[in-house]
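Chemist: what follows is a protein structure lacking sequence information:
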């Protein structure tokens with residue numbers, strides 16, 4: 001019985017000690033204990049991004065070109081006189097269509113990743129220069145913090 005009480009007491013002591021260190025580490029994690037929190041409206045930054053607009057225009061043009069290609073492929077399939085010839089062309093064009101869709105998707109994803117990296121870098125740099133320890137998306141903030149979107153907008157390309 002005494003052994004169980006001693007074990008229980010040690011567990012409570014260890015928990016209390018760990019909890020105390022955790023609170024101490026959290027409160028002292030920022031110099032002086034002052035935390036400066038900001039937030040950004042990512043949607044507004046994306047609307048201002050000329051690079052994103054260019055990527056979307058490029059994707060729209062590539063999609064339009066693919067649709068023209070698809071119309072030509074459909075016409076070519078319809079011209080075939082035998083079922084075997086049609087089936088062979090359908091397989092050929094389906095493979096090409098898949099390649100075209102994948103190329104468009106991958107090119108846009110690559111551009112979007114570059115834009116995301118640039119945007120994150122701009123936010124990090126400006127927030128750091130302004131002395132912010134934490135920056136959140138505007139959607140995640142219910143109350144408090146400073147909106148630093150206007151200061152970051154000029155940095156968005």
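Modeler: Noted; the coordinates are in hand. All of these numbers come straight from a predicted model, not from anything done at the bench. Numbers count the residues shown, from 1 in each chain.
Chemist: only C-alpha atoms from now on, for both contacts and neighbour counts.
Modeler: Fine.
Chemist: tell me which residue is most central in this structure.
Modeler: Nearest to the geometric centre of the chain sits residue 116, at 6.5 Å (CA atoms, centre = their mean).
Chemist: got the phi and psi for that one?
Modeler: phi -60, psi -40 (degrees, to the nearest 10).
Chemist: measure it to residue 154 for me?
Modeler: Noted for residue 116: a distance of 16 Å to residue 154, by CA to CA, to the nearest Å.
Chemist: residue 56 - how many residues pack around it?
Modeler: 15 (other CA atoms under 10 Å).
Chemist: make that residue 78, sorry
Modeler: Neighbours of residue 78 (other CA under 10 Å): 12.
Chemist: which helices and strands sit right next to the helix or strand it falls within?
Modeler: Per DSSP states H and E: residue 78 is located in helix 50-79. Applying 3 or more CA pairs under 8 Å, 6 or more residues apart in numbering; DSSP states H and E, one finds that helix 50-79 makes contact with helix 83-129.
Chemist: ok, back up a step: per-residue pLDDT, the residue nearest to the centre of the chain?
Modeler: Listed pLDDT for residue 116 reads 92.
Chemist: list the contacts of it.
Modeler: Contact analysis of residue 116 by CA atoms under 8 Å, 6 or more residues apart in numbering lists nothing.
Chemist: all good on my end, thank you.
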